[in-house]
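Engineer: Fold the stuff below for me.
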Amino acid sequence: MNGVAASAPGRTSLVGFWSRFAGATVLAALITVLAGCGLTIPSDPSGTLDDVRGGVLHAGVSPHDGFVSVDGDEPAGTEIEAIRAFAESLDARVEWTVGSEEALVRGLENEELDLVAGGLTDETPWVDMAGVTRPYTEITDADGTTRKLVMLVPMGENAFISELETFLSGYVDDGGER
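Structural biologist: Predicted coordinates:
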């Protein structure tokens with residue numbers, strides 16, 4: 001029999017049973033320990049969501065036709081309205097920073113900004129320096145090209161990006177009303 005011990009017909013191998021049991025026990029213990037440590041998933045290593053909730057949303061915006069315009073004291077546009085509504089959902093006020101995409105991404109990296117918007121698409125070159133939301137809506141350019149809009153957040157702030165993506169999904173589904 002090639003040196004392999006076969007179990008009796010209809011019987012489960014005791015070694016296989018105890019291996020699965022031990023694995024399940026270790027997994028349950030690990031989950032219990034991690035939950036006891038206050039670990040939540042998704043989490044924010046820098047605490048962005050906790051800082052913004054009930055506080056200030058530091059939003060960086062780069063002018064882009066139709067999405068973000070800066071003519072007066074406050075920016076305007078469709079993405080500005082979405083950001084204001086998101087801040088309101090977190091009982092936060094918005095502080096705006098206007099700049100180039102490069103300067104704003106640097107602000108995300110330095111933890112000076114919580115999110116960046118300005119007609120950014122899923123083809124953004126900033127994917128190695130910032131977290132990128134899932135596309136939340138599509139637009140069609142004058143040449144007929146369809147583009148998917150995204151926003152940028154600090155790298156690794158998973159609870160914050162999850163909250164933002166959930167909000168944007170509902171915001172778009174509700175036609176920009178929330």
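Engineer: CA atoms for contacts and neighbours, from now on please.
Structural biologist: Noted.
Engineer: Now do Asp50: how many residues are near it, please.
Structural biologist: Neighbour count of Asp50, defined by other Cα atoms under 10 Å: 13.
Engineer: which secondary structure element contains it?
Structural biologist: Here Asp50, judged by DSSP states H and E, is contained in helix 48-52.
Engineer: And the contacts of that helix?
Structural biologist: Helix 48-52 has contacts (Cα atoms under 8 Å, 6 or more residues apart in numbering) with 90, 92, 114, 157, 159-160.
Engineer: Now do that helix: distance to the chain's middle.
Structural biologist: In terms of Cα atoms, centre = their mean, to the nearest Å, the centre of helix 48-52 is found 13 Å from the chain centre.
Engineer: For it, which residues meet the burial criterion?
Structural biologist: Buried positions in helix 48-52, judged by neighbour count with 16 or more other Cα atoms under 10 Å: 48-49, 52.
Engineer: about what we covered before: considering the contacts of helix 48-52, which member attains the minimum pLDDT?
Structural biologist: For the contacts of helix 48-52, the model is least confident at Glu157; its pLDDT is 89.
Engineer: Who's the closest spatial neighbour of that one, skipping the chain neighbours?
Structural biologist: Spatial nearest neighbour of Glu157, excluding adjacent residues (Cα to Cα, 6 or more residues apart in numbering): Asp44 at 4.4 Å.
Engineer: Check the secondary structure at the most centrally placed residue in the chain for me.
Structural biologist: What sits nearest the mean C-alpha location of the chain, by Cα atoms, centre = their mean, is Ile161, with 2.0 Å. Per DSSP: H, G, I helix; E, B strand; the rest coil, the local secondary structure of Ile161 is helix.
Engineer: Isn't it up against Val153?
Structural biologist: Yes - with contact defined as Cα atoms under 8 Å, Ile161 counts as touching Val153 (6.8 Å).
Engineer: Overlap in contacts, these two.
Structural biologist: Contact criterion Cα under 8 Å, 6+ apart; residues shared by Ile161 and Val153: 131, 133.
Engineer: Good, we can wrap up now.
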